[in-house]
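In: coordinates only, no sequence provided:
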Ligand SMILES: NC(=O)c1ccc[n+]([C@@H]2O[C@H](COP(=O)([O-])OP(=O)(O)OC[C@H]3O[C@@H](n4cnc5c(N)ncnc54)[C@H](OP(=O)(O)O)[C@@H]3O)[C@@H](O)[C@H]2O)c1
């Protein structure tokens, strides 16, 4: 197998679980991190200990030059990038619209939207048959928040993920004839580093679980497996899709 997968935000949560499972399916894996160097190196070391190939590479998705460098370093270490998962993301600040802060919104969109779009640009330049590439597959990690505007106080985050879905649809149509399949996945509430603080509050957790038709929080591996299916040849006719991995959505 000759597949190289770059995962942004791969040191923790959904990204880390995707990295581990991808490696066990034969992908060479580049694990991008911003500040979690030790966690990223642990994931890479676990993979290499099992006979896989992985590297941990630092780059901040809010900086174009670092994104460009990340793609160059990935290729140098592991060969041509054939697959990309954009999992890096932040919540921004929860709150009402009248309390918005322009700096917080800029950072939220810089990471969740512009960084992701620039990663797709770098991937397109390498994967597109139009540019001499051999095609590939990309999964953008969106959120169920994109569907209903998010839970109360999450409108800015929801807007950033709505942008991810709209961009994914447009990019998918542009890239499909050039050998690249682009899809997004919309996780519901999943227990990861992003949510463990809030989910530690048992009353909050019970309220969330009662709003989910399957009546429980998701686990990172349940999202990772769906991502790996979208990346795989089993999903060869799936392009421009939004896959809800959410236990049935949520009722608000
Ligand atoms: N957990 C959920 O319930 C849920 C639901 C729907 C969607 N999602 C989405 O799923 C994705 C993964 O989140 P997660 O739940 O796995 O949480 P997580 O463990 O917090 O993962 C997010 C990762 O993104 C990285 N990151 C943040 N800003 C970055 C930047 N500027 N440059 C590079 N990396 C950056 C974080 O690393 P640093 O801390 O080092 O920056 C972290 O490793 C996110 O896009 C999130 O919005 C999560």
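Out: Yes, it's here. Note that the coordinates shown come from a computational prediction; the quantities given were computed from them, not determined experimentally.

In: for the stretch 151-252 of the chain, what lies in contact range of the ligand?
Out: 187, 189, 190, 192, 193, 194, 195 (CB under 6 Å from any ligand atom). C-betas here are computed from N, CA, C, even on glycine.

In: turn those residues into a markdown table, columns for distance to residue 227.
Out: Output for those, formatted as a markdown table (distance: CB to CB, whole Å):
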| residue | distance to residue 227 |
| --- | --- |
| 187 | 9 |
| 189 | 17 |
| 190 | 12 |
| 192 | 14 |
| 193 | 17 |
| 194 | 16 |
| 195 | 18 |
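
In: ok, of the residues you listed, which come out buried?
Out: With neighbours counted by 16 or more other CB atoms under 10 Å, these contain buried members at 187, 189, 190, 192, 194, 195.

In: OK, contacts around residue 144?
Out: Counting by CB atoms under 8 Å, 6 or more residues apart in numbering, residue 144 touches 186, 187, 188, 244, 246, 249, 250.

In: wait, which of those is closest to the ligand?
Out: The ligand has its nearest neighbour among the contacts of residue 144 in residue 187, at 3.8 Å by CB to the nearest ligand atom.

In: give me phi/psi at the closest one?
Out: Dihedral pair for residue 187: phi -70, psi 150, per degrees, to the nearest 10.

In: just residue 35 next, same as before
Out: Dihedral angles for residue 35 - degrees, to the nearest 10 - are phi -120, psi -10.

In: tally of neighbours for it?
Out: Residue 35 has 10 neighbours, counted by other CB atoms under 10 Å.

In: any idea which residue sits dead centre in this structure?
Out: The chain has residue 87 as the residue nearest its centroid, 2.0 Å off, counting by CA atoms, centre = their mean.

In: so how far is residue 194 from the nearest residue to it once chain neighbours are set aside?
Out: Sequence neighbours aside, residue 15 is the residue nearest to residue 87 in space, at 3.7 Å (criterion: CB to CB, 6 or more residues apart in numbering). Distance, residue 15 to residue 194, using CB to CB, to the nearest Å: 11 Å.

In: what residues are up against residue 59?
Out: Counted by CB under 8 Å, 6+ apart, residue 59 has contacts 8, 32, 34, 66, 67, 69, 70.

In: give the next helix or strand downstream of the helix or strand containing the last one.
Out: Which is residue 70. Using DSSP states H and E, residue 70 falls within helix 64-78. Sequence order places strand 83-86 as the next helix or strand after helix 64-78, per DSSP H and E.

In: each with direction, which strands does that next one pair with?
Out: strand 4-8 (parallel), strand 136-141 (parallel) (DSSP bridges).

In: ok, residues contacting stretch 124-131?
Out: In contact with stretch 124-131 (CB under 8 Å, 6+ apart) are residues 71, 75, 80-82, 133-136, 171, 175, 178-180.

In: identify the farthest-apart pair in the residues you listed.
Out: Across the contacts of stretch 124-131, the longest distance by CB to CB is 20.8 Å; it joins 75 and 171.

In: the more surrounded of those two?
Out: residue 171 (22 against 15).

In: neighbours around residue 55, how many?
Out: Neighbours of residue 55 using other CB under 10 Å come to 20.

In: and the angle for the one helix or strand it maps to with helix 64-78?
Out: Secondary structure from DSSP H and E places residue 55 in strand 54-58. Note on geometry: by axes from the mean of the first three to the mean of the last three CA atoms, to 10 degrees, strand 54-58 and helix 64-78 are set 160 degrees apart in direction.
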